[in-house]
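Asks: here is my input; please provide its structure:
(one chain, ligands or ions: 1)
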Amino acid sequence: MQYNEMSKEQLLQLKAELDERYKEAKAKGLNLNMSRGKPSATQLNVTMDMLDVINSSSDLKSEDGTDCRNYGVLDGIPEAKKLMADMMGTTPEHVIIYGNASLNIMYDQVSRAYTHGILGNTPWCKLDKVKWLCPVPGYDRHFAITERFGIEMINIPMSVDGPDMDMIEKLVSEDESIKGIWCVPKYSNPQGYTYSDETVKRMAALKPAAKDFRIFWDNAYVIHHLYDDKQDEILDIISECEKAGNPDMVFEFASTSKVTFPGSGVAALATSKDNVADIKKQMTIQTIGHDKINQLRHVRYFKNVAGLKEHMKKHAEFMRPKFEATLKVLEDELTGLGIGTWSEPRGGYFISFDAMEGCAKAIVAKCKEAGVILTNAGATFPYGKDPKDSNIRIAPSFPTPEEMSEAAELFVLCTKLVSVEKLLEQK
Ligand code: PMP
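Replies: The predicted structure follows:
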């Protein structure tokens, strides 16, 4: 029976039962964390042999003869460009290899646009107002970057096909102060949705009023499938933008953070040749070059994109049971109750849960009280403010499948309890 069809008496009785179960759950003294998307230690073990690929007797010359032990090569060794280009589905001339992580590149792109401007346009710091589009729910660290620069963020609703393109087309064409949009186009954080071909094409064909409007295309989960036989595919945004006559409109980002070692990966940006030249001109002031030994280590380990994809299957072996354990509990316990909906991703690192309006904060707090840490409610929205107080991001990657089941059991119990309390308030 749906909870909202229950009488006050039925709800009160249910609440008494749930209160009792919650007390018992609390007494178990759980200590589980499903808040951040990071691999478990056992999952990291699958990459340990990468550390043996290079040692003191290795030849550390890249394929063009560069001595990777020394200074030089601003934008990455050729074989690393090729590997990262293949991973993103583009070609090496579009790619700049950076350091250990992609978030840093995104920050840098916003920062440089803010202080020095993009391709000769006015630096954003000289403008009265800069605005940004934020598909929601989204990634809290993206929103933190734009918030840091005082950029006004506008929520754009997401659907299974990607963000609301009608709204985006209208806004960017009418408002010159809108300078960018955050996109996680494949296995989005947190919903695990992948943009449809139509969404990608409409995105590439945008007609922004601002000449320096940029799509920040964070392809963080481009090869992070959970299944061999059910994989999402996505069009290459770089060539779609070229075809639509907007070659400069996109910055694409990716890294091997969740392929090898988070924090010790290789990160890359892909964009048009003009943007590459513009960025490199400014990059020479920032660095003499990034870690080429790590680039070489990655290339020698994977050899090519096929090697990368094979490796991702090993990660999927660890991730799949955790997702499935979580989804099973949600399905068994919440189906038909009308108190929550959730995504069922085929890749990425997260499951997104939408509780009844006004319940998310209370659910997260109740879980915490009983020893299960979730990402703060609201974190998936700009300024940490979910207007409906409904969305909760579940990150199943770190605990074991058994722990994930246990954590999900507590999560559904708290969801039921908070929902009953909410409905009783309304009676
Ligand atoms: N983008 C998204 C969408 C992410 O979820 C994450 C990691 N949680 C990152 C970027 C961070 O990537 P990196 O380690 O390359 O900075």
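Asks: and the helix or strand harbouring Gly307, what does it pack onto?
Replies: Assessed by DSSP states H and E, Gly307 sits inside helix 305-334. When contacts are defined as 3 or more Cβ pairs under 8 Å, 6 or more residues apart in numbering; DSSP states H and E, helix 305-334 sits against helix 41-44, helix 78-88, helix 292-302, strand 340-342, strand 351-355, helix 401-426. (C-beta placed from N, C-alpha, C; glycine too.)
Asks: tell me which of those lies nearest to the ligand.
Replies: For the helices and strands packed on helix 305-334, the distance to the ligand is smallest for helix 78-88, at 11.6 Å, taking Cβ to the nearest ligand atom.
Asks: any residue of that closest one touching the ligand?
Replies: No: with Cβ under 6 Å from any ligand atom as the measure, helix 78-88 is seen stopping short of the ligand, the closest distance being 11.6 Å.
Asks: so which residues make contact with that helix?
Replies: 62-64, 75-76, 91-92, 94-95, 97, 219, 222-223, 236, 252, 254, 266, 268, 270, 292, 295-296, 298-299, 302, 304-305, 308 (Cβ atoms under 8 Å, 6 or more residues apart in numbering).
Asks: give me the buried subset of those residues.
Replies: Buried by 16 or more other Cβ atoms under 10 Å: 62, 75-76, 92, 94-95, 97, 219, 222-223, 236, 252, 254, 266, 268, 270, 292, 295-296, 298-299, 302, 305, 308, out of the contacts of helix 78-88.
Asks: so where's the stretch 301-427 of the chain uncertain?
Replies: For the stretch 301-427 of the chain, no stretch has pLDDT under 70.
Asks: got phi/psi on the residue of it found nearest the ligand?
Replies: For the stretch 301-427 of the chain, the residue closest to the ligand is Tyr349, as judged by Cβ to the nearest ligand atom, at 6.3 Å. The phi/psi pair for Tyr349 (degrees, to the nearest 10) reads phi -120, psi 0.
Asks: how close does the closest residue to it other than its chain neighbours sit to the ligand?
Replies: Counting by Cβ to Cβ, 6 or more residues apart in numbering, Gly37 is the residue found nearest to Tyr349 once chain neighbours are left out, at 3.7 Å. Distance, Gly37 to the ligand, using Cβ to the nearest ligand atom, to the nearest Å: 5 Å.
Asks: do Val130 as well
Replies: 21 Å.
Asks: tell me the pLDDT of that residue.
Replies: Per-residue confidence (pLDDT) for Val130: 98.
Asks: can you list the residues of this protein near the ligand?
Replies: Listed as neighbours of the ligand in the chain under the rule Cβ under 6 Å from any ligand atom: 37, 101-103, 139, 184, 189, 218, 220, 255, 257, 262, 267.
Asks: could the residues you listed go into JSON lines alongside pLDDT and neighbour count?
Replies: Listed next are those as JSON lines, based on pLDDT from 0 to 100; neighbours: other Cβ atoms under 10 Å:
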{"residue": "Gly37", "pLDDT": "91", "neighbour count": "23"}
{"residue": "Ala101", "pLDDT": "97", "neighbour count": "18"}
{"residue": "Ser102", "pLDDT": "98", "neighbour count": "23"}
{"residue": "Leu103", "pLDDT": "98", "neighbour count": "18"}
{"residue": "Tyr139", "pLDDT": "98", "neighbour count": "24"}
{"residue": "Val184", "pLDDT": "98", "neighbour count": "27"}
{"residue": "Asn189", "pLDDT": "97", "neighbour count": "24"}
{"residue": "Asp218", "pLDDT": "98", "neighbour count": "27"}
{"residue": "Ala220", "pLDDT": "98", "neighbour count": "22"}
{"residue": "Ser255", "pLDDT": "98", "neighbour count": "27"}
{"residue": "Ser257", "pLDDT": "97", "neighbour count": "21"}
{"residue": "Pro262", "pLDDT": "97", "neighbour count": "16"}
{"residue": "Ala267", "pLDDT": "98", "neighbour count": "23"}
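Asks: and Lys201, how many residues sit next to it?
Replies: 17 (other Cβ atoms under 10 Å).
Asks: look up how far Asn246 lies from it.
Replies: 11 Å (Cβ to Cβ, to the nearest Å).
Asks: wait, doesn't Val222 sit right on Ala254?
Replies: Yes: in this structure, Val222 is within contact of Ala254 by Cβ atoms under 8 Å, at 5.8 Å.
Asks: which strand in the chain has the most residues?
Replies: If you go by DSSP state E, the chain has its longest strand at strand 152-159.
Asks: need the contact list for the most centrally placed residue in the chain.
Replies: Closest to where the C-alpha atoms of the chain average out (Cα atoms, centre = their mean) is Asn189, at 3.7 Å. Shown in contact with Asn189 (Cβ under 8 Å, 6+ apart): 37, 138-139, 220-221, 348-350, 393.
Asks: from those, pick the one nearest Gln13.
Replies: Gln13 lies nearest to Arg393 out of the contacts of Asn189, by Cβ to Cβ, at 32.1 Å.
Asks: residue boundaries of the helices in the protein?
Replies: Using DSSP state H, the helices assigned to the chain run over residues 8-27, 41-44, 78-88, 102-115, 140-148, 165-174, 197-204, 237-243, 273-286, 292-302, 305-334, 360-369, 401-426.
Asks: got those as TSV, with distance to Val130 columns?
Replies: As requested, the helices of the chain are arranged in TSV below (distance: least, Cβ to Cβ, whole Å):
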stretch	distance to Val130
helix 8-27	46
helix 41-44	39
helix 78-88	27
helix 102-115	8
helix 140-148	9
helix 165-174	13
helix 197-204	20
helix 237-243	22
helix 273-286	19
helix 292-302	34
helix 305-334	36
helix 360-369	29
helix 401-426	38
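Asks: on that earlier part again, the longest strand of the chain - what's its average pLDDT?
Replies: 98.
Asks: from Arg36, how far off is the closest residue to Glu240 other than its chain neighbours?
Replies: Excluding the flanking residues, the one nearest Glu240 by Cβ to Cβ, 6+ apart is Ala204, at 3.7 Å. To Arg36, Ala204 is 32 Å away according to Cβ to Cβ.
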